[in-house]
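> coords below, sequence missing:
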């Protein structure tokens, strides 16, 4: 799928729309998504909530799979693990997924979340399972 | 902190307020939080987004630490890992944290996310680091 | 499979035999394995190496699946995550697996590693994938 | 520490010695270790046991920290998470650690385990905690 096609999907994903996520770039091995930081994405200390960052990692991988296989091949998150490295309070967050393996049943990816200044905010490993027969 | 005190904190945590999270019960080793499922917490297939579930696991542990140590002892999520076991589309989600270890520097907890019918939706391990000197 | 049958399998698993792992008990939802601590399982500081503990978590889940499905249903570790809570230097380590979900494709389990005094040394979440058609 | 100095440490780490781990190369951001595959590192199906691979990820990060900070700065594994991507049966395994963050209290690294043909066998995220005051 092209960047334009992926962008048309986002408004139909309610939680992604609630967070304000957009697709920014398509790479050879995944996509980069962007999420402008708003105060309602903060925790009590004025930095982006860990749950938002986990969401970005998950979404970057999901959209990378959609980009690769098309919207007709559903896939669901099996498990997610991430390390939080630095807080982020302003600007935008960017999550870049790298598909490491797309097998017959499972897909595994790394997702790096960075801020406007290219600081690594978090890094994640995410596993998806294809639903139904892999196309 | 008491259940009533914890509940007064929630509106001051913007992302938790955005998701509609409330504290439901205080246990010996952690708390249970509740999040009523709304359509804007869904992904494209009408089930709760994986990022919401990761948020609930993270928050359940964070509020358990606040309950144990008081709001004056800040702590931040170091890392989070979770397995998604079943989808959930309606009703409420409940995240129950069990503090497994609260050391001088780090706290480790398990968090189980269940639906209205007590089905296990996800299970997580979450590590927090105390910020500043542990009280 | 019975405890006696499982015990007969262990010598045919080379790395498990190298570590000295035995099956200790069969429960409703998994098994407990035992590994007597020997000096060559230590790291440089005289406590059991983290890799040994990760191995015990992995093996406890693998043998739990063998117990449930029989040796004819192969399964392979997809991913593993664990938190180390306390060091252990002497006596035996016990890894108790709890199968949380055994689906058509994947199985997810929690494994708790304890020492002789019932101290929680580590806790893990482990995902296996069934190889070939699930029986 | 130099490659030669690191290599002199390995025989004093009993479990690393049992597995036959050696340090192969020092990079700017970590080290590569090597482990020749032997039949007693296999599981029942003739491929390297998942516990061996978890050990290699853990050790690659631990030795990277030793290389960076010196042997006088002890550090201990806090948690480990890894995805298994492909089996490996013969030749050598190489674990390459990339230190992502070395803070005052914690260090986080990625470790990639590859085979002789540069196939990615597993990828891991590993957190260490410095013991005592960080030098």
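Yep, that arrived. Source: prediction; values computed, not measured.

> Low-confidence stretches in chain A?
Screening chain A residue by residue with the criterion pLDDT under 70, one finds the ranges A:133-135.

> Let's check: the centremost residue of it is which one?
The C-alpha lying nearest the average C-alpha coordinate of chain A belongs to residue A:60 (Cα atoms, centre = their mean; 2.0 Å).

> Do the helix or strand encompassing that residue and chain C come into contact?
Remark: residue A:60 resides in helix A:50-69, with elements defined by DSSP states H and E. No. Helix A:50-69 lies apart from chain C when judged by Cβ under 8 Å from any Cβ of the partner chain; the minimum separation is 13.9 Å. All C-beta spots, glycine's among them, are computed from the backbone N, C-alpha and C.

> by how many degrees do that helix and helix B:50-69 diverge?
160 degrees (axes from the mean of the first three to the mean of the last three Cα atoms, to 10 degrees).

> Quick one: residues contacting the residue nearest to the centre of chain A.
If a contact means Cβ atoms under 8 Å, 6 or more residues apart in numbering or on different chains, then residue A:60 has A:30-33, A:95-97, A:109, A:111 as its contacts.

> can you rerun that using 6 Å?
By Cβ atoms under 6 Å, 6 or more residues apart in numbering or on different chains, the contact list for residue A:60 reads A:33, A:95, A:97, A:111.

> Now for those residues: which two are most distant?
Based on Cβ to Cβ, the longest span within these runs between A:33 and A:111 and measures 9.3 Å.

> Now the common contact residues for those two.
Taking Cβ under 6 Å, 6+ apart as the contact rule, the neighbours common to residue A:33 and residue A:111 are A:60, A:95.

> got the residue ranges for the helices in chain A?
A:3-9, A:14-19, A:50-69 (DSSP state H).

> Need the winner for burial among those.
Counting by mean count of other Cβ atoms under 10 Å in any protein chain shown, helix A:50-69 has the highest mean neighbour count of the helices of chain A, with a mean of 26.

> okay, now residue A:36: neighbour count?
Close neighbours of residue A:36, defined as other Cβ atoms under 10 Å in any protein chain shown, add up to 13.

> What residue, apart from its backbone neighbours, is nearest it spatially?
Taking Cβ to Cβ, 6 or more residues apart in numbering or on different chains, and ignoring the residues beside it in sequence, residue A:36 has residue A:92 as its nearest neighbour in space, at 4.9 Å.

> residue contacts, that neighbour?
Shown in contact with residue A:92 (Cβ under 6 Å, 6+ apart): A:34, A:36, A:116.

> So the closest residue in space to residue A:115 that isn't next to it in sequence versus chain C, what's the distance?
The spatial neighbour of residue A:115 that comes closest, neighbours along the chain excluded (Cβ to Cβ, 6+ apart), is residue A:88 at 4.7 Å. Computed as Cβ to the nearest Cβ, to the nearest Å, the residue A:88 to chain C distance reads 24 Å.

> Quote the end-to-end distance of stretch A:36-52.
Stretch A:36-52 stretches 11 Å from its first residue to its last (Cα to Cα, to the nearest Å).

> Same question for stretch A:4-13.
Start to finish, the residues bounding stretch A:4-13 are 16 Å apart (Cα to Cα).

> Now do the contacts for residue A:69.
Listed by Cβ under 6 Å, 6+ apart, residue A:69 has no contact partners.

> do you know how far it is from residue D:27?
Residue A:69 sits at a distance of 35 Å from residue D:27 (criterion: Cβ to Cβ, to the nearest Å).

> Chain C contacts on chain A?
Within chain A, the positions near chain C by Cβ under 6 Å from any Cβ of the partner chain are residue A:81.

> With adjacent residues omitted, what lies nearest to the residue of chain A found nearest chain C?
Scanning chain A for proximity to chain C using Cβ to the nearest Cβ identifies residue A:81 as nearest, at 5.5 Å. Spatially, and ignoring its direct neighbours in sequence, residue A:81 is nearest to residue B:81 (3.7 Å; Cβ to Cβ, 6+ apart).

> again, but for residue A:51
Leaving aside its sequence neighbours, residue A:51 sits nearest to residue B:55 (Cβ to Cβ, 6+ apart; 2.6 Å).

> just checking, that neighbour touches residue A:53?
No. Counting by Cβ atoms under 6 Å, residue B:55 does not reach residue A:53; the two are 9.7 Å apart.

> still on that earlier bit, so what pairs up with the residue nearest to residue A:81 in the strands?
Listed by DSSP bridges, the beta-bridge partners for residue B:81 are residue A:81, residue B:125.

> How much space separates it from residue C:45?
Using Cβ to Cβ, one gets 26 Å for the distance from residue B:81 to residue C:45.

> The two: which is more packed in?
In this view residue B:81 and residue C:45 are compared by other Cβ under 10 Å, and residue B:81 has more residues nearby, 28 against 12.

> Surely that one and residue B:127 touch.
No. Residue B:81 is beyond contact range of residue B:127, at 8.9 Å (criterion: Cβ under 6 Å).

> check contacts around residue A:112.
By Cβ under 6 Å, 6+ apart, the residues touching residue A:112 are A:96, A:123.

> so what's it bridging to?
Taking DSSP bridges, one finds residue A:96, residue A:123 as the beta-bridge partners of residue A:112.

> for chain B, what are the nearby residues on chain A?
Residues of chain A that fall close to chain B, judged by Cβ under 6 Å from any Cβ: A:12-15, A:18, A:39-44, A:49-51, A:54-55, A:58, A:77, A:79-84.

> Run through the residues that contact the residue lying closest to residue A:109 once chain neighbours are set aside.
Nearest non-adjacent residue to residue A:109, counting by Cβ to Cβ, 6+ apart: residue A:61, 4.3 Å away. Contact criterion Cβ under 6 Å, 6+ apart gives A:97, A:109, A:111, A:126 as the residues in contact with residue A:61.

> tell me, how many neighbours does the first one end up with?
Neighbourhood size, residue A:97 [other Cβ under 10 Å]: 28.

> where's it relative to residue A:67, distance?
Noted for residue A:97: a distance of 9 Å to residue A:67, by Cβ to Cβ.

> anything in contact with each of these two?
Overlap between the neighbourhoods of residue A:97 and residue A:67 is empty, taking contacts as Cβ under 6 Å, 6+ apart.

> circling back: so which of the contacts of residue A:92 is the closest to chain B?
Within the set of these, residue A:36 lies nearest chain B; the separation is 14.4 Å, counting by Cβ to the nearest Cβ.

> so how far is chain D from that closest one?
Distance, residue A:36 to chain D, by Cβ to the nearest Cβ: 25 Å.

> Quick check: the gap between that residue and residue A:21.
From residue A:36 over to residue A:21 the distance is 9 Å, taken as Cβ to Cβ.

> if we can go back for a sec, can you flag the buried ones in the contacts of residue A:61?
Among these, those classed as buried by neighbour count (16 or more other Cβ atoms under 10 Å in any protein chain shown) are A:97, A:109, A:111, A:126.

> residues touching residue A:121, list them.
Applying Cβ under 6 Å, 6+ apart, we find residue A:121 in contact with A:86, A:88, A:113-115.

> Check residue A:23 too.
When contacts are counted by Cβ under 6 Å, 6+ apart, residue A:23 touches A:6-7, A:31, A:33.

> give me that answer again for 10 Å
A:1, A:3-10, A:16, A:31-34, A:59-60, A:63-64, A:66-67 (Cβ atoms under 10 Å, 6 or more residues apart in numbering or on different chains).

> re earlier: what touches both of residue B:55 and residue A:53?
residue B:80.

> For the residue of chain A closest to chain C, give me its contacts.
Listed by Cβ under 10 Å, 6+ apart, the contact set of residue A:81 reads A:54, A:57, A:123-127, B:79-83, B:124-125, C:79, C:81, C:125, D:79-83, D:124-125.
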